[in-house]
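> got a predicted model here, sequence first, then my questions.
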Protein chains: 2
Amino acid sequence: MTERPVPRDAAGWAAKVTVLAGGVGGAKLAHGFSLLPEVDLSVVVNTGDDLELHGLAISPDVDTVLYTLAGLANPETGWGLRDETWSAHAMLERYGAPTWFRLGDRDIATHLVRTSRLAAGATPTDVTRELAASLGIRARLLPMADRPVRTRVRTSAGWLEFQAWFVARQHADDALEVRFDGAADARPTDAVLDAVRSADVIAIAPSNPFVSIGTILALPGMAAALLDATAPVVAVSPIVAGAALKGPADRMFESLGGESSALGVARHYAGRYPGLVDGLAIDVADRSLADRIEDLGIAVLVAPTVMRDDGDRARLARDLLDFAGRLTPGTGRASGIR
Amino acid sequence: MTERPVPRDAAGWAAKVTVLAGGVGGAKLAHGFSLLPEVDLSVVVNTGDDLELHGLAISPDVDTVLYTLAGLANPETGWGLRDETWSAHAMLERYGAPTWFRLGDRDIATHLVRTSRLAAGATPTDVTRELAASLGIRARLLPMADRPVRTRVRTSAGWLEFQAWFVARQHADDALEVRFDGAADARPTDAVLDAVRSADVIAIAPSNPFVSIGTILALPGMAAALLDATAPVVAVSPIVAGAALKGPADRMFESLGGESSALGVARHYAGRYPGLVDGLAIDVADRSLADRIEDLGIAVLVAPTVMRDDGDRARLARDLLDFAGRLTPGTGRASGIR
């Protein structure tokens, strides 16, 4: 197979990396790439989790990536801002306004800027670029679409809005079905399609395959654009040793059909989007699953995938660059990986 | 003359007091009345200072009265909330968003609730009632109008929006002219007209006669309603010893024509709204002006009018009740006042 030259230093050119991301896991991996000096990073972010509350346009995954890349994320939670205060929240409670979705004071400023810029006619892509620039972020942060897409989850209590299920009910109800309202009328933005087409490496973050990555891939033309891309597509399993590192992905594999394991992740991508994922990074804890994943036509990288600190993030990003450099898109085979 | 029985205790009935108020001065006097157990209070509040910022519907005078009556006002400034935090403000600065109008975090919660309720079809009157109820306020807080009125001030720099002049430029420019955009199409709300008609006492707070009280009186039918009211109308001079206690009222008397004194206040009301003000409370420091004010047909109460603490507020409110009890509306004469 062909050895693809992935650039390693800043001597002349950069590796164009495009990450598909949900919230915390996506933000961490994107941050890892942003720490590599030779990487020219674009991050395509799920907007299916967006909501309106108190008249504010809130885009939780975009904000998580924004705050993380700016070095402002709350290290305890992964979402929200460090050194946050909660005065408005306390006052909203006093007014009897809905407070199930906790909004920090600094975070509210982001929503205020977004809401007023959108009202003035800016697109989500415009607003995100402006916010990122204000926070000194060099990477291109790209909402997946400029038209609204709203993820809904069916539970035994009926169809719920995503955040009603995820935050208000703490995803306690089993997800029986997922749909993406508006997706058929939305499309990936030009900036997203450019980022996919021009990438040297495309990385699917260890975000929820159903309600983060699945949302992005539900946009008309998005999966096709990834299949057509010249760059190898490498994914990181969000399941480690059978459990989701964060959120309900493990339980969703069970309730939606599948298996909560790195193999289940591979089967999910191979089954729903044949040929799209060229390689899958699985944690060292899941080493024993590598052969069965490769049997699906997906190359495997066994590496530490749990990102506890900035060093972990950068090392995983570096490992993925190396891995991608050994892949030819569509062949599903890497050489000398393990 | 007739002695009007103003109730003094809670044995059976209450004195219905309606206060016309701007911001801090109005809030303090309204608070004074609210401290008197026998008073059934309505406060008609100027909304000409309202603005939209970051997409938020902000009603500064209403909020000042709201916070003051709730016991939440910042005692240092008179406006804003005590124990306020400024995290959103700092973040808005970081985003390069306009921050000349400082919004505290707790204050933002008020604007969020107002904005989303208005967007849902509630009127300013509805929203204000809801906010006041949430904060445990018994008084009726009444925005003067439900339709927008926007005060503009002409300066040597041209016509400025009220808050651009007042806050952004710290009212450094002389006011050469004042107008109330939208006033002709607005009207006092039914609740305001009811509060005027049913009042036992109407008090005009020591608020700016031009851009607080003047705005309320610019509403079609408002001055007529006050003239028709059976209750005596007593005003409190916002000028003490020639100077405004707060804000630019003194300089406005000079630049708009008139005299910055309690006499100037009397002349202003008597000249623009003949017969409307029955009595004027002036500070003890201005005792020497009493005769000349009475010569205008306005009864005079000489009393301590500077409200430094809750005791001052309640005492002034009590003095005004006594004063009003000795007045017959339209006669401009009080008996045995000084």
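Received the coordinates, thanks. Computed from a predicted model, the values in this text were never measured in an experiment. Residues are numbered from 1 along each chain as shown, chains lettered A, B, ... in the order given.
> going by C-alpha atoms from here, please, whenever you check contacts or count neighbours.
Will do.
> gap between residue A:88 and chain B?
Residue A:88 sits 4 Å away from chain B, taking Cα to the nearest Cα, to the nearest Å as the criterion.
> my guess is that residue is in a strand, correct?
No: assigned with DSSP: H, G, I helix; E, B strand; the rest coil, residue A:88 falls outside any strand and is helix.
> what sits against residue A:58?
By Cα atoms under 8 Å, 6 or more residues apart in numbering or on different chains, the residues touching residue A:58 are A:50, A:51, A:52, A:111, A:114.
> repeat the analysis, applying 6 Å as the threshold.
A:50, A:51, A:52, A:111 (Cα atoms under 6 Å, 6 or more residues apart in numbering or on different chains).
> hang on, the third one in a helix?
No: if the criterion is three-state DSSP, then residue A:52 is strand and not within a helix.
> setting aside sequence neighbours, what's the nearest residue to it?
Excluding the flanking residues, the one nearest residue A:52 by Cα to Cα, 6 or more residues apart in numbering or on different chains is residue A:58, at 5.9 Å.
> can you name the residue of the stretch 101-250 of chain A nearest chain B?
Nearest residue of the stretch 101-250 of chain A to chain B: residue A:106, at 4.4 Å (Cα to the nearest Cα).
> coming back round to it: can you select the buried ones from the contacts of residue A:58 in ChimeraX?
Selection of buried members from the contacts of residue A:58 for ChimeraX, criterion 16 or more other Cα atoms under 10 Å in any protein chain shown:
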select /A:50,51,111
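> can I get the contacts of residue A:58 in JSON lines including pLDDT and distance to residue B:230?
Shown next, in JSON lines, are those (pLDDT from 0 to 100; distance: Cα to Cα, whole Å):
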{"residue": "A:50", "pLDDT": "97", "distance to residue B:230": "56"}
{"residue": "A:51", "pLDDT": "96", "distance to residue B:230": "52"}
{"residue": "A:52", "pLDDT": "96", "distance to residue B:230": "49"}
{"residue": "A:111", "pLDDT": "98", "distance to residue B:230": "50"}
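> was I right to think residue A:244 contacts residue A:250?
Yes: Residue A:244 is in contact with residue A:250 according to Cα atoms under 6 Å; the separation is 5.1 Å.
> tell me the average confidence for stretch A:140-151?
For stretch A:140-151, mean pLDDT rounds to 98.
> what about it, start to end distance?
End-to-end distance of stretch A:140-151: 24 Å, with Cα to Cα, to the nearest Å as the criterion.
> any idea how far residue A:185 is from residue A:141?
Here the criterion is Cα to Cα. By it, residue A:185 lies 22 Å from residue A:141.
> before we move on, what about residue A:238?
For residue A:238 relative to residue A:141 (Cα to Cα), the value is 21 Å.
> now do residue A:16
As judged by Cα to Cα, residue A:16 and residue A:141 stand 14 Å apart.
> the more surrounded of the two?
residue A:141 (29 against 21; other Cα atoms under 10 Å in any protein chain shown).
> kindly list the main-chain dihedrals of the more buried one?
Dihedral angles of residue A:141 (phi, psi; degrees, to the nearest 10) stand at phi -100, psi 120.
> just checking, it touches residue A:40?
No: using Cα under 6 Å, residue A:141 is not in contact with residue A:40, being 11.6 Å away.
> so where's the stretch 201-338 of chain A shaky on pLDDT?
A:328-338 (pLDDT under 70).
> ok and the residue in it nearest chain B?
Across the stretch 201-338 of chain A, no residue is closer to chain B than residue A:310, which sits at 24.2 Å (Cα to the nearest Cα).
> residues touching residue A:260, list them.
Contacts of residue A:260 by Cα under 6 Å, 6+ apart are A:242, A:250, A:253.
> for burial, what's the neighbour tally of the closest residue to residue A:96 other than its chain neighbours?
Distances taken as Cα to Cα, 6+ apart place residue B:134 nearest to residue A:96, at 7.2 Å, with adjacent residues excluded. Residue B:134 is flanked by 15 other residues according to other Cα under 10 Å.
> setting aside sequence neighbours, what's the nearest residue to the residue of the stretch 201-338 of chain A closest to chain B?
Closest to residue A:310 by Cα to Cα, 6+ apart is residue A:32, at 6.8 Å.
> distance of that neighbour from residue B:171?
As judged by Cα to Cα, residue A:32 and residue B:171 stand 50 Å apart.
> okay, those two: which has more neighbours?
Higher neighbour count among residue A:32 and residue B:171: residue A:32, with 22 against 19, using other Cα under 10 Å.
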